[in-house]
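generate coordinates for the sequence data below:
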Amino acid sequence: MSPSIASATDRAPITWRSVVRLAAMVLALLFLIVPHLCYRAIGRPSPMVMAFLNAAGWIAGLRVRTTGTRLRRDVLFVSNHVSWLDILALGGAARSAFVSKAEVGTTPLVGWLADQNRTIYVQREAKREIHNQANELRGALARGRPVTLFPEGTTGPGDGLLPFRASLLQAVIPTPPRLRVQPVLLDYGEDAPDIAWLDPESGLDNFKRLLARKRPIRLTIHYLDPLPDAVEADRKALAEAARAAIAGRMDEAARSSATARYRL
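Model (predicted):
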């Protein structure tokens with residue numbers, strides 16, 4: 001059984017490796033925080049955020065490679081979601097902000113870090129707030145910075161996709177001028193079931209478990225072709241097209257991996 005779906009009573013141990021990695025992340029944060037605050041004080045975007053996400057990912061064991069052409073501006077990335085490592089990877093590699101559930105913003109330290117990356121919070125059950133949240137997302141996209149949305153609404157198993165929630169895409173219907181929607185596949189390969197953060201494992205236990213890993217975590221970020229304008233007028237069509245594109249590339253990657261193992 002994958003550690004990600006182990007019993008809730010099986011708590012991840014604290015190892016020397018996880019302690020060293022956590023200490024290194026804290027040192028990276030302390031090293032970058034002063035120049036970051038200086039950038040913020042003069043009202044300029046801080047490159048220190050991307051630097052920290054890249055550093056934290058590397059320290060955690062992430063080894064990232066990319067395929068495809070990444071759009072740089074005026075783009076909404078629509079991606080599968082496997083782990084908290086996704087944030088480090090896409091935030092660092094794609095310089096992306098994220099749409100996240102409101103609870104993240106109230107989590108000590110994690111919320112502050114998310115704020116530094118201009119995270120957009122949504123309360124999925126608060127219907128009265130939907131209009132304001134949609135305007136906030138559209139405003140962020142209008143400023144040109146890439147934003148990532150995980151339409152599964154939660155972390156999935158990594159070797160398959162959960163249903164996409166079309167309601168999460170309502171904020172970009174109709175899409176703002178110049179905005180493109182680009183599907184992204186986060187592919188952890190054979191390690192996906194072990195990397196995945198699934199119930200009943202707590203976020204803290206998943207964090208400790210992944211920091212304790214001996215082997216590096218290899219992630220391929222597949223930037224797929226932007227979706228055609230024809231599907232951008234309807235949220236359901238947009239969700240279905242994005243899911244089909246990601247699922248198709250996921251199947252291709254699985255077949256390629258199986259063929260490579262057979263040749264070996």
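
what number of residues lie near Thr69?
By other C-beta atoms under 10 Å, 11 other residues sit near Thr69. All C-beta spots, glycine's among them, are computed from the backbone N, C-alpha and C.

wait, it touches Tyr223, no?
Yes: contact criterion C-beta atoms under 8 Å: Thr69 and Tyr223 qualify, at 6.0 Å.

what is the least confident helix or strand in the chain?
Lowest by mean pLDDT, DSSP states H and E among the helices and strands of the chain is helix 130-142, with a mean of 74.

what's next to the very next helix or strand once past it, contact-wise?
Per DSSP states H and E, the first helix or strand lying C-terminal to helix 130-142 is strand 147-149. For strand 147-149, contacts defined as C-beta atoms under 8 Å, 6 or more residues apart in numbering pick out 75-79, 90, 94, 96-99, 120, 137, 140-141, 168-169, 184.

return the subset of those lying in strands.
Filtering those for membership in strands, criterion DSSP state E, returns 75-79, 97-99, 120, 184.

from those residues, which is closest to Gly105?
For these, the closest approach to Gly105 (C-beta to C-beta) belongs to Ile120, at 9.8 Å.

would you check which pair of the ones in strands among the contacts of strand 147-149 lies furthest apart?
Greatest spatial distance in the ones in strands among the contacts of strand 147-149: Ile120 and Val184, 17.2 Å, computed using C-beta to C-beta.

of these two, which one has the most company?
Per other C-beta under 10 Å, whichever of Ile120 and Val184 has more neighbours is Val184, with 27 against 21.

not counting sequence-adjacent ones, nearest residue to that one?
Excluding the flanking residues, the one nearest Val184 by C-beta to C-beta, 6 or more residues apart in numbering is Ser79, at 4.0 Å.
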